[in-house]
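Undergrad: using only what follows, build the 3D model:
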Amino acid sequence: MKRIVSLSLGLAIILLIGCSEKKVSAPMPYGAVPTKRQVVHQQLEMYAFLHFTTNTFTDIEWGYGDESPEVFNPTEFNPDQIISTLAQSGFKGAILTCKHHDGFCLWPSQYTEHSVKNSLWENGKGDVVKAVSEACRKYGIKFGVYLSPWDRNHAEYGQPEYIDYYRNQLEELLTNYGEVFELWVDGANGGDGYYGGAREKRNINRAEYYQWDTTFALARKLQPDINIFSDIGPDLRWIGNERGYANDSCWATYTPLAKDGEAKPAPGSLKYWLGETGTINGKYWIPAEVDVSIRPGWFYHPSQDDKVKTLEQLVDIYFNSVGKGTTLNLNIPPDRRGKINENDVKVLTDFKNYLNKAYEKNILTGAKVSASEFRGNNRQFNSLNTIDNNNETYWATDDSTIIASIEFELMREEEFNCFEIQEYIQLGQRVSSFSVDVFENNEWKTVVKSSTIGYKKLLRFDTISASKIGVNILDALACPVISEIGLYNIHEL
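TA: You can find the predicted model right below:
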C-alpha cells in the first residue's frame, strides 16, 4: 500500500496552531445527487411496514373487495403497544397500509362507505390512521402511508373517475394526519375484483392510466418533505425482490427502463429486476428500499405464529439491506387483537439488543491515521475525518485521484469481524470497488473486497486479529469522499 501523507492527531494539532493553508475547494458533486429530504430519509436506515386490514380477519393476503366492513373488529386495538414496540426495537418510522387492494379504508373517508365507519370496531367511530399517527408522534418516530392504486371494491376502478377518487383519498391522508415521511405506492394493480358488484377482470394501461406525474406533484404540494416510493421513484425505488436482499453492487443512481414494447416505465410495468443493482451513472438519484416481512405473509395469520423470522434471519437481512446502502422496511403486521404478537416482539427485542452490542465500540477510535493523500494537503479533507463520528466531514483526494488508500494503526492488536464505511453522498456516489487489508507477517493481506459503498456498506468476515488495517479505494467514478469508517468485533449469534 502506497503511503505518501501521514497525519496523526498530534500533527493535526500542530497544523491547526502553526500553519497557514491554501484555501482548497470541496469536490464538485458527481452525477445525480440526493435532495435534502432523501438524505434525511436515508439516515433513518430502518422503519416498519404495518399491514393491517380486513385481510387480518379473513386470513387471506389479497382481499377480493367484497368483504363486509363488519369483518374488521380488533378486540384490543393498542396503537401504543404497536408503535412503542417499533420505537424500542430501533425503527425510526412506521408505514401503515391505510388502503390495500381490497379497497377497505382504515380511516373514515368521506368518499366511500367501505371503511372503518361501517365496521363493528368502535361502533364505527374509530380511525386507525389517526390513532397510529398520534402514537408515532408520541413515541418519536415518523409516520408514513400506503395507499394502494388498485381498488378491487370501487365500482369506477379502470375508469377516469377513479383517479379523482384516488387523489381525493390521498389528499385526506396527506392533510388530516400531520407530517407524513413516506408515501408507498404499490406496483400490483389491475385484474379481477368485486368492483361494486361487477365481479369482473379490469386491466389498465399502467403507464398512462394513473397519470403519476400529476398525483406525485399533488403529494409533494401537500407534504413538501415527503419521500415517494414506487418502482420508478421519484424518491425511493423497489429493490426488485421481497427476500430482504440488495446486491453487493447497489447504486443509488437509477434509470428506470420500460418493459420491451412499453412506451415508458411505470409502477408495475418496468424492468423491475434492475432495481437490485441500480444504474451506474444513472439519470436520477433514486436509492433502493428493501421491503420484507417478518413472517411468510404480509398480513397476520395465526398459522404463522411459529414461523416468525429468527434473530439470525433478521441480522442477515439487516446486513444485506442497510449494510448494502439501502433502507430496510420490515413488515410487522398487527394481529387480530390489534397488537404486535408476542412472538414478533421477542425476536425484535433480541434484534435490537444484538445491534446495540454489535456497534457499542468502534475499534478505530483513537487510531493513528494515514492516507496516500488528502485534498490539497488541507486539513479540512484529512483522513482523521473518517473516525470523528461526524457524517458532515469527510476525507477527500484531489480531483485527479480515483485510486487511494487509508491506513489505521491501532495502539495494540485487536480482534474484529465487521467493517463499516460510508460515502458523503451529498456529493454523489463514487466508489465502485474497494478492499479491506491487514498488515500480517510484514505484508498486506486482503481480508475482503467489495463493490459499491453509497450511504453505508457493512461487511462481515471471519474474526481476524491485527494492529494495522488498510482500506484501498480500487476504482471510483470520481475522487473518493469518505465520511466514516468503523471496525467492530460483533458477537456470534
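Undergrad: how about the nearest residue to D305 once chain neighbours are set aside, what does it touch?
TA: Using Cβ to Cβ, 6 or more residues apart in numbering and skipping the chain neighbours, the partner closest in space to D305 is N343 (5.4 Å). Backbone N, C-alpha and C define where each C-beta goes, glycine included. Neighbouring residues of N343 by Cβ atoms under 8 Å, 6 or more residues apart in numbering: 305-306, 308.
Undergrad: who wins on neighbours among the residues you listed?
TA: V308 (21 neighbours; other Cβ atoms under 10 Å).
Undergrad: sec struct for the residue lying closest to that residue once chain neighbours are set aside, please.
TA: Distances taken as Cβ to Cβ, 6+ apart put N343 closest to V308, at 4.7 Å, once the chain neighbours are dropped. Put simply, N343 is helix when judged by DSSP: H, G, I helix; E, B strand; the rest coil.
Undergrad: what does E484 give?
TA: Assignment for E484 (three-state DSSP): strand.
Undergrad: ok, now Q380?
TA: helix.
Undergrad: from A26, how far off is it?
TA: Plainly put, Q380 is 8 Å away from A26 if you go by Cβ to Cβ, to the nearest Å.
Undergrad: re earlier: quick check, pLDDT for the residue nearest to D305.
TA: Note on N343: pLDDT of 98.
Undergrad: so the residue nearest in space to the middle of the chain bridges to which residues?
TA: The chain has T327 as the residue nearest its centroid, 1.6 Å off, counting by Cα atoms, centre = their mean. Per DSSP bridges, the residues bridged to T327 are E289.
Undergrad: residue numbering should commence at 10 henceforth.
TA: Sounds good: first residue 10 from here, last item T336.
Undergrad: look up how far D136 lies from the closest residue to L266 other than its chain neighbours.
TA: If the residues on either side of it in the chain are set aside, L266 comes closest to K280, at 4.7 Å by Cβ to Cβ, 6+ apart. Distance of K280 to D136, computed by Cβ to Cβ: 39 Å.
Undergrad: ok, the two, which is more surrounded?
TA: Using other Cβ under 10 Å as the criterion, K280 and D136 rank with D136 on top: 19 against 15.
Undergrad: which residues touch that one?
TA: Contacts of D136 (Cβ under 8 Å, 6+ apart): 115-117, 125.
Undergrad: got a pLDDT number for it?
TA: 98.
Undergrad: check L24 too.
TA: So, for L24, pLDDT stands at 40.
Undergrad: do the same with C28
TA: So C28 comes in at 44 (pLDDT).
Undergrad: same question for A405.
TA: 98.
Undergrad: could you do I13 as well?
TA: Note on I13: pLDDT of 37.
Undergrad: and what of Q51?
TA: For Q51, pLDDT reads 98.
Undergrad: residues contacting it?
TA: 43, 296, 336, 434, 464.
Undergrad: distance check, L129 against F86.
TA: For L129, the distance to F86 equals 12 Å [Cβ to Cβ].
Undergrad: ok, these two, which is more surrounded?
TA: A count of neighbours by other Cβ under 10 Å puts F86 above the other of L129 and F86, at 19 against 15.
Undergrad: sec struct for that one, please.
TA: F86 ends up coil, using three-state DSSP.
Undergrad: go ahead and confirm it touches D344.
TA: No: F86 lies out of contact with D344 (Cβ atoms under 8 Å); the separation is 10.5 Å.
Undergrad: so what sits against both of those two?
TA: With Cβ under 8 Å, 6+ apart, F86 and D344 have no common neighbours.
Undergrad: check contacts around the residue nearest to L266.
TA: So K280 contacts 265-268, 274 (Cβ under 8 Å, 6+ apart).
Undergrad: neighbour-wise, which of those leads?
TA: Neighbour max across those (other Cβ under 10 Å) = P265, 24 neighbours.
Undergrad: please identify the helix or strand for that one.
TA: For P265, there is no enclosing helix or strand under DSSP states H and E.
Undergrad: also D359?
TA: Per DSSP H and E: helix 351-367 holds D359.
Undergrad: which residue comes closest to V138 once chain neighbours are left out?
TA: Using Cβ to Cβ, 6+ apart and skipping residues adjacent in sequence, the residue nearest V138 is W116, 4.0 Å away.
Undergrad: shouldn't that neighbour be within a helix?
TA: No: applying three-state DSSP, one finds W116 to be coil, outside a helix.
Undergrad: from what I can see it touches S128, true?
TA: No: look at W116 against S128 with Cβ under 8 Å: they stay out of range, at 11.5 Å.
Undergrad: kindly provide the distance from T264 to G206.
TA: Taking Cβ to Cβ, one finds T264 at 43 Å from G206.
Undergrad: these two - which one has more neighbours?
TA: A side-by-side neighbour count of T264 and G206, using other Cβ under 10 Å, places T264 first with 17 against 10.
Undergrad: got the phi and psi for the more buried one?
TA: For T264, the backbone dihedrals (degrees, to the nearest 10) come out as phi -120, psi 100.
Undergrad: residues in contact with it?
TA: Counted by Cβ under 8 Å, 6+ apart, T264 has contacts 288, 291-293.
Undergrad: so which of those residues are in strands?
TA: Y293 (DSSP state E).
Undergrad: dump the contacts of T264 to TSV, plus pLDDT, neighbour count and distance to L227.
TA: Formatted as TSV, the contacts of T264 follow (pLDDT from 0 to 100; neighbours: other Cβ atoms under 10 Å; distance: Cβ to Cβ, whole Å):
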residue	pLDDT	neighbour count	distance to L227
T288	98	18	27
G291	98	18	26
K292	98	12	23
Y293	98	18	20
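Undergrad: and which of the contacts of T264 is nearest D244?
TA: Using Cβ to Cβ, Y293 comes nearest to D244 of the contacts of T264, at 9.5 Å.
Undergrad: show me what the closest one bridges to in the sheet.
TA: According to DSSP bridges, beta-bridge pairing links Y293 with Y263.
Undergrad: against W307, how distant is it?
TA: The separation that Y293 has from W307, given Cβ to Cβ, amounts to 28 Å.
Undergrad: any stretches of the protein with poor pLDDT?
TA: 10-30 (pLDDT under 70).
Undergrad: quick one, domains of it?
TA: 14-26+370-497, 53-367 (automatic domain parsing).
Undergrad: now those domains as CSV including distance to Q47?
TA: CSV is the format used below for the domains of the chain (distance: least, Cβ to Cβ, whole Å):
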stretch, distance to Q47
domain 14-26+370-497, 9
domain 53-367, 6
